[in-house]
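In: Need coordinates for the below:
(one chain, ligands or ions: 1)
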Amino acid sequence: MIEVFVGDITELEVDAIVNAASRALAGGGGVDGAIHAAAGPELVRASRALGPIETGSAVITPGFRLPARHVIHAVGPIWHGGRQGEAELLERAYETSFERALGAGDVRSIAFPAISAGVYGYPKESAVEIAVRVMRRHEKEFRRIVACAFDERTGTLYRRELSVRPK
Ligand code: ADP
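Out: Residues are numbered from 1 along each chain as shown. Here you go, the predicted model:
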């Protein structure tokens with residue numbers, strides 16, 4: 001089941017939350033900052049030790065003080081206009097996040113922020129379309145997949161995309 005949640009991803013009681021991380025895995029602003037603030041200082045130590053990683057890839061750490069047991073740190077592309085492989089890299093970031101979740105063995109519920117759709121500048125409509133496409137591909141492998149939006153407008157984009165019959 002894919003559901004839409006509008007609010008703070010750090011509050012979600014799911015097995016894993018995905019972080020829109022930077023390649024250094026050293027924390028930052030946006031959702032990354034919120035996740036590190038809520039998880040506590042152990043998270044930056046655990047994640048930085050696994051970095052740097054390539055754009056489109058992802059690593060998994062414990063969730064420390066978060067309700068979620070795991071954090072999957074995925075690196076989405078910076079938007080440069082769309083001709084530098086951004087769509088493929090964003091799709092890879094979602095795909096590798098699912099790979100890490102399945103690899104953990106105990107993840108039945110997972111929540112994603114809109115990777116790259118903040119500071120990295122990816123156009124929201126296209127980012128949401130890619131996110132939903134990959135989520136649908138993995139829908140049967142999880143009990144719950146949560147598309148977490150931080151604002152109503154993004155929530156509406158997810159709901160609209162989910163109401164469209166898959167191509
Ligand atoms: P990126 O650098 O990959 O663009 P950002 O953190 O800047 O990552 O933004 C990604 C998305 O996460 C944006 O849509 C932003 O509104 C959203 N966001 C920011 N804070 C949170 C949060 N606490 N919970 C869920 N989503 C968030």
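In: what residue ranges in this protein are flagged as low confidence?
Out: 167 (pLDDT under 70).
In: Quick check: residues of it near the ligand?
Out: Proximity of the chain to the ligand is confined to 8-10, 20, 30-32, 34, 76, 113-120, 148, 150, 154 under the rule Cβ under 6 Å from any ligand atom. Glycine gets a C-beta too; all of them are placed from N, C-alpha and C.
In: Regarding residue 165, what is its secondary structure?
Out: Under DSSP: H, G, I helix; E, B strand; the rest coil, residue 165 falls in the coil class.
In: Next, count neighbours for it.
Out: 4 (other Cβ atoms under 10 Å).
In: Let me see the contact set for it.
Out: If you count contacts by Cβ atoms under 8 Å, 6 or more residues apart in numbering, residue 165 has none.
In: hey, where'd the strands end up in the chain?
Out: Using DSSP state E, the strands of the chain run over residues 2-6, 16-20, 58-62, 70-74, 109-112, 144-149.
In: Out of the ones you listed, which one sits most buried?
Out: strand 16-20 (a mean of 28; mean count of other Cβ atoms under 10 Å).
In: beta partners for the residue nearest to residue 96 when sequence neighbours are not counted?
Out: Nearest in space to residue 96, with sequence neighbours left out and distances taken as Cβ to Cβ, 6 or more residues apart in numbering, is residue 58 at 4.2 Å. Listed beta-bridge partners, residue 58: residue 74 (assigned using DSSP bridges).
In: any idea how far residue 58 is from the ligand?
Out: 12 Å (Cβ to the nearest ligand atom, to the nearest Å).
In: Could I get the contacting residues of that residue?
Out: 18, 72, 73, 74, 75, 93, 96, 97, 99, 100.
In: And residue 33, by the same measure?
Out: Under the criterion of Cβ under 8 Å, 6+ apart, the contact list for residue 33 reads residue 27.
In: One more: residue 117?
Out: Here residue 117 is in contact with 123, 124, 127, 128, 154 (Cβ under 8 Å, 6+ apart).
In: Please verify my assumption that the third one contacts residue 113.
Out: In this case it means residue 127. No - here residue 127 does not reach residue 113: they are 10.3 Å apart, not a contact under Cβ atoms under 8 Å.
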